[in-house]
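Trainee: coordinates only, no sequence provided:
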């Protein structure tokens, strides 16, 4: 016991009572925000995320040779009149296969990568394919006729 403590510990009891009153006073005057605990837990949990992300992006080797949904890409483009749906998958050679569908009659469909342009036509159901497409910035042009007006629908560039 310290010199200030009474023989029966009454000073400790008085201190505890005083602290309880102070806590009650501050609880009434300045209550804790309702979501504070949840925000603090989220802040602490998220504190190391940027470091973890930086470490993950340093990994240059593929994590495994397992093929999955990450090997496929589905893109849809529309100008309000004509829609183009593209499904891109990786081939065994490392290039890409682009399966596409259009919802209008087309004369020609072009896949352009810089100056390199490939052309094909769609089937009666609007399906078309481009095989062995290399990596790079790519766009698709659809030459179609709506009514008696010739139109060209061009997708924005996308990365393969």
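Mentor: Yes, it's here. Computed from a predicted model, the values in this text were never measured in an experiment.
Trainee: buried set for the lengthiest helix in the chain?
Mentor: Assignment by DSSP state H gives helix 10-29 as the longest helix of the chain. Applying a neighbour-count criterion of 16 or more other CB atoms under 10 Å, one finds nothing buried in helix 10-29. In this view, the C-beta of every residue, glycine as well, is placed from N, C-alpha and C.
Trainee: and for stretch 102-112?
Mentor: Within stretch 102-112, the residues that qualify as buried are 102, 104, 106, 109-112, counting by 16+ other CB under 10 Å.
Trainee: and the two most separated of those residues?
Mentor: Pairwise distances across the buried residues of stretch 102-112 (CB to CB) peak at 19.6 Å, for the pair 104 and 112.
Trainee: what about the chain, any weak spots by pLDDT?
Mentor: 1-10, 45-70 (pLDDT under 70).
Trainee: show me the longest strand that occurs in it.
Mentor: Of all segments of type strand in the chain, defined using DSSP state E, the longest is strand 137-146.
Trainee: list the helices and strands it packs on?
Mentor: Contact here means 3 or more CB pairs under 8 Å, 6 or more residues apart in numbering; DSSP states H and E; on that basis strand 137-146 packs against strand 83-90, strand 96-102, strand 106-113, strand 149-154, strand 158-159.
Trainee: okay, now the sheet partners of that strand, with direction.
Mentor: The strands beside strand 137-146 in its sheet (DSSP bridges) come out as strand 106-113 (antiparallel), strand 149-154 (antiparallel), strand 158-159 (antiparallel).
Trainee: show residues contacting that strand.
Mentor: Contacts with strand 137-146, where a contact means CB atoms under 8 Å, 6 or more residues apart in numbering, come from 77, 81-82, 84, 86, 98, 100, 102, 104-114, 150-160.
Trainee: report the distance from that strand to the chain centre.
Mentor: Shown here is strand 137-146, whose average C-alpha point lies 27 Å from the average C-alpha point of the whole chain (CA atoms, centre = their mean, to the nearest Å).
Trainee: and if you look at stretch 105-115?
Mentor: Centroid separation for stretch 105-115 versus its chain: 29 Å, with CA atoms, centre = their mean.
Trainee: ends of stretch 113-131, how far apart?
Mentor: Taking CA to CA, to the nearest Å as the measure, stretch 113-131 stretches 14 Å from start to finish.
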